[in-house]
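Chemist: Here's my sequence, what's the structure:
(3 chains)
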Amino acid sequence: MCGIIGVIDRSKERMDGQAIRSALSMMDERGSGEGAGYVAYGAFPEFADYYAIHVFFDAIHETKAAVDEELSKWGTIVHEEEIPTFEQPNIRKIHTPWRYFFQPDARLMPRSTTPEDDIVMHVVMKVNTSIPGALVYASGKNIAIFKASGWPEEVADFYRIQDYKGYIWLGHNRYPTNTPGWWGGAHPFNLLHWSVVHNGEITSYGTNRRYIESYGYRCSMFTDTEVVAYLFDLLVRRHHLAPELAVRALAPPFWDEIDRMPGREAHLNRAIRLTYGPALMNGPFAIVVANPDAIVGFTDRIKLRPLVTGTMGPRLYISSEEAAIRVMEPDVGDIIMPRAGEPVIGRVYT
Amino acid sequence: MTIGSVPVKFRISVDHDQCMLCGRCVENCPYDVFRLENGKIHVNSRKCVACHRCIAMCPRDAINIRERPVDYRSHPVWTTEVREAIYNQARTGKIILAGMGNAKPYPVIFDSLVLDACQVTNPSIDPLREPMELRTYLGKKPSRLETREHDGDVEVLTTLSPNLQLETPIMIGHMSYGAISLNAQASIARAVFETGTFMGTGEGGLHQSLYPYQDHMIVQVASGRFGVDINYLERGAAIEIKIGQGAKPGIGGHLPGEKVCEDVSCTRMIPVGSDAISPAPHHDIYSIEDLKQLVRSLKEATEWKKPVFVKIAAVHNSAAIAAGIARSAADAVVIDGFRGGTGAAPRVFRDHVGIPVEAAIASVDAKLRSQGIRNEVSLIASGGIRESADVAKVIALGADAVYIGTAALVAMGCRVCGTCYRGLCPWGIATQRPDLVARLDPEIASRNVANLIHAWTLELSELMGAAGINSIESLRGNRDRLRGYLLDESIMKVLDVKPVGA
Amino acid sequence: MSSQWGPDAVMDRVRIDAAGMHYTPLNRAIRSAVEEGAREIEIYHVMGQRFIADGLKGDVTLIIHGVPGGDLGMFMSGPTAIVHGNCDHAPGNTMDSGLIVIHGSAGDAVAHSMRGGKVFVRDSIGYRGGIHMKQYRDKCPILVVGGSFRAFLGEYMAGGLILALGPPTNSPIRERGIGSGIHGGRIIIRGDVDDEYLGVGATKSPLSRGEKEEISPLIQEFASCFRIDPDVLLEDSYVQIRPSSSRPFASKYTWE
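Modeler: Here you go, the predicted structure:
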């Protein structure tokens, strides 16, 4: 079932993790205690220009050297540290979470227009597919991810997310279905600047995965959600589609609706469906995607999962349940249930 | 020493108590099995091909046919078929000609694949009440979309290539006028027109009476270039270059002169009674770059307004060949598996050359993906698609759409007797003899074919809905929704499916 | 649009400079000129552009200067194309009607599957000339070659006429498979051909006086096209190659 929540402060004022912890805990009914997680954008102001590579190590002495070596091959490790954790009765610390602040050497990918991003993506795919016992689970700039197997409040306390601040927070409370609850399988999923929380199950996963893998992405997390992060990376960063159009590609209008549209609009939508048919996501889902500039919430085309939004001043909230939003902001206004497939976008003020 | 005669293949018996001497069996059998003499129906079983026309027409159910009433002494290696082929060739010294598709009992991969359905973790979708999209576009697609936004208006900068719009991913494959009758073609034409899909003309030109359906016709250009002129190319909704055929990969076609009647000669543009010989290769294609030239010449002739498909037989190296075709400006690749039907093929080719479409589609789809061009070209599967489940499975293995052939003929009455090459089809399908052709009423046969497409489309919707999928593109290549049931590991690797239970 | 009006151009004469032009815009320019009523289109600086006049219809003459690429006049229906230069492979491929005159030589598969009209080649052609030409009713394709030809001339031929006028004296024909698989139409060759060079299903006979008279207008037309003396050609002897059967492969099969 899963519960999701997200908030953006469009004026980029940072919030600490206390409120989202409470909101997500309020939705414990939607989870199973097998996985929870949070992401904060703007969490590392002192290292804001470096890629914050988060890694789960199984046996740190055996595998860390290989990751260090891979990173050093492609750039400089500016700073690194074990991510502070605090013992919780129900969380078994089976991995050691680690973070690197990394500066890629752009000269090593001379033919790319976004060499730094491409290097980091390459390193992520490389580590996750070829270094057993190491899993990169976050790789964006100024972005912190906190996830583990446990209930939302336990995971929050395990990392003490109240000590971190961000202008965007997403949280996820997992009820795993297709794959076991494991740390890597907890949401949010992150690749570069994209983070995703997802409620539901993507019945088109087999199609989506094969499509995205033909562009060099490697699905290594055994769960359907990671394709969403990769699809956004492909469509928005590499194909330069506006986020609205990316959502249109993933949850497009039906053909009979397109047939009724006026010429230009019909042409645009037909072009999107023809070009990005294999990216279309089927099955029940509600998803919130974040990048440093915005959060986007949307559901599947026939609205099989819930999504509610509300605003309060510069803050836009998106969640599975209104009550969770009200836990964070009792006086929230403009409570809306968006139409199926229609994106709700909150952008930082420019 | 003589070989002597072989046992009859079929034994006909007439229940004389039931028989009312109406003579319908005599009239209906073009193989002259029956005769009415001295107030009694006499039979010559040796002439029977088991087309079942007599059975279907007998008002009293008085006729019975038994297959192989006298069989050979059984032997697992020296089967009846093997022995009879040897007797035949010992007698004649010729190549054995056979009809329909592959008749050897190879395992059918489709029958060892099972589909998925949703339980609990996501809802199945009821296609009767919720939208279910089977619409399929065939043709080149851009690899990415360039757009420009101004004043909130999004302009598409990428030029889209022409595509065929199908309301169901089921099309009817190329069976030429000549191979089948005009009534059969007309029936198929009406059916595809009604169901929003397409049919192939085969390499036999386009008869004038079918011009009203030309927007639903894919005109074929094969090595004989029969019926091909600029008028023909311009009439088609799309053009298909036939390189090969699953029933007889690597060899050409041969319409015997007996089938080239006045009308067939007219659409093929050859003299009456002359053999229509399609060479094995196109003589302007000896290499992959030559194929590109033929594709481009057809596009150039039709001012780049029509998609051009290329059909190949599924052979060992299909994946690499299809990838080459995909780079040739072709809009779609048709992969015809070794179960594909035919009016006539050398038996040795029909039964022994080529590979099953399931494996071919899976490997072509994978190869195109590995080269990052899968979505730029459409993939059409044909050859041995027998039911809607086969359609769902082959799409899940990576096809965009299918061609059916034999199934459409069966819908018109064909009993799969496999004797098409005699040109005496009692059902009016694979014949040009006017009295036999007249037996097929396009009014009824078109309804039967349309019903079949409609029924399969409904079943496909139900299967998709059960899998929680409401758009065909989410089934395409979605091998996660298939499982192999008692398939060996190597074939599952080719198909990229897991075993049942995994 | 690169078509331009020459200084002395009248409305029905158009000049196109094809230098550096891809064949698609070139054909587009030709088509639009035809639509606008051009009767004569002179194309300069042709260099390797394929598919010139592909699928072109109408009563128009193209005068091509340079070396066109393959498949000149493919599917063409009606126009005349005069080439001052050599042609690449398959001019007249599946041509429907019209005339192609080549003041030079051409490559392999000239007149492939041609079903109507004429292709005149002043000099030589490559392999498989006239392969699978076929005729139907009033349509009878004709290929005339002034020089030599290579092997498999008229392979699979189903109809029409191939006339090879190459001088027989100084270069005897040593090309195998002439008329291999021929099941319609005929091949007429100036001089003689040894039987060992005939293909499967082809038979040779001398061309009778009456038959020769039948083709003499064609010889004269060809000669006048290229301003050569027809008399030498008309005086010489010829052989013709015809199918031994219109059903060459009918006895290849036995029923299952």
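
Chemist: Check what pLDDT residue 9 gets.
Modeler: Just so you know, I chose chain A. Listed pLDDT for residue A:9 reads 97.

Chemist: try chain C instead
Modeler: pLDDT, read off for residue C:9, is 51.

Chemist: for residue C:3, same thing?
Modeler: So, for residue C:3, pLDDT stands at 44.

Chemist: Report the backbone C-alpha coordinates of stretch C:138-155 in CSV.
Modeler: This file holds the C-alpha atoms of stretch C:138-155, laid out as CSV (Å, rounded to 0.1, in the frame of the first residue of the first chain):
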residue,chain,number,x,y,z
ASP,C,138,-0.2,-3.9,-74.9
LYS,C,139,2.8,-3.5,-72.7
CYS,C,140,6.0,-5.0,-74.0
PRO,C,141,9.3,-3.8,-72.5
ILE,C,142,12.3,-3.4,-74.8
LEU,C,143,15.9,-3.2,-73.9
VAL,C,144,18.4,-2.4,-76.7
VAL,C,145,22.1,-2.5,-76.0
GLY,C,146,24.6,-1.1,-78.5
GLY,C,147,27.7,-2.7,-77.0
SER,C,148,28.5,-5.7,-74.9
PHE,C,149,26.7,-7.4,-72.1
ARG,C,150,27.7,-9.6,-69.2
ALA,C,151,26.4,-13.0,-68.0
PHE,C,152,22.8,-13.9,-67.2
LEU,C,153,21.3,-11.6,-69.8
GLY,C,154,17.5,-12.0,-69.6
GLU,C,155,17.6,-14.3,-66.6
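
Chemist: For residue A:164, the count of nearby residues, please.
Modeler: Residues within reach of residue A:164, counting by other CB atoms under 10 Å in any protein chain shown, total 19. C-beta here means a position set from N, CA and C on the backbone, and glycine is covered the same way.

Chemist: ditto for the one 5 residues further on
Modeler: Using other CB under 10 Å, residue A:169 has 33 other residues around it.

Chemist: cool, residue C:85 as well?
Modeler: 15.

Chemist: That one reaches residue C:64, doesn't it?
Modeler: Yes: using CB atoms under 8 Å, residue C:85 makes contact with residue C:64 at a distance of 7.2 Å.

Chemist: intersection of neighbour lists for these two?
Modeler: With contacts defined as CB atoms under 8 Å, 6 or more residues apart in numbering or on different chains, the residues adjacent to both residue C:85 and residue C:64 are residue C:46.

Chemist: Residue C:249 reaches residue B:254, doesn't it?
Modeler: Yes: with contacts counted by CB under 8 Å, residue C:249 reaches residue B:254, the gap being 6.4 Å.

Chemist: So between the two, which is more surrounded?
Modeler: residue B:254 (23 against 16).

Chemist: so the more buried one sits in a strand?
Modeler: Yes: looking at residue B:254 with DSSP: H, G, I helix; E, B strand; the rest coil, it is inside a strand.

Chemist: if I pick it, what's in contact with it?
Modeler: Shown in contact with residue B:254 (CB under 8 Å, 6+ apart): B:275-278, B:344, C:249.

Chemist: And for residue B:293?
Modeler: With CB under 8 Å, 6+ apart, residue B:293 has these contacts: B:284-285, C:50, C:70-71.

Chemist: Tell me which two in those residues are the farthest apart.
Modeler: Largest separation among the contacts of residue B:293 by CB to CB: B:285 and C:50, giving 14.2 Å.

Chemist: And those two? Which one has more around it.
Modeler: It is residue C:50, of residue B:285 and residue C:50, that has more neighbours when counted by other CB under 10 Å, with 22 against 18.

Chemist: pLDDT below threshold where in chain B?
Modeler: For chain B, applying pLDDT under 70 flags the ranges B:1.

Chemist: what mean pLDDT would you report for stretch A:14-27?
Modeler: Across stretch A:14-27, pLDDT averages out at 93.

Chemist: now what about that stretch, what contacts it?
Modeler: Taking CB under 8 Å, 6+ apart as the rule, stretch A:14-27 contacts A:3, A:5, A:7, A:9, A:36, A:38, A:40, A:42, A:146, A:151-153, A:156-157, A:161-167, A:169, A:171-173, A:319-321, A:323-325, A:327-329.

Chemist: ok, of the residues you listed, which come out buried?
Modeler: Buried members of these, scored by 16 or more other CB atoms under 10 Å in any protein chain shown, are A:3, A:5, A:7, A:9, A:36, A:38, A:40, A:42, A:146, A:151-153, A:156-157, A:161, A:164-167, A:169, A:171-173, A:319-321, A:324-325, A:327-329.
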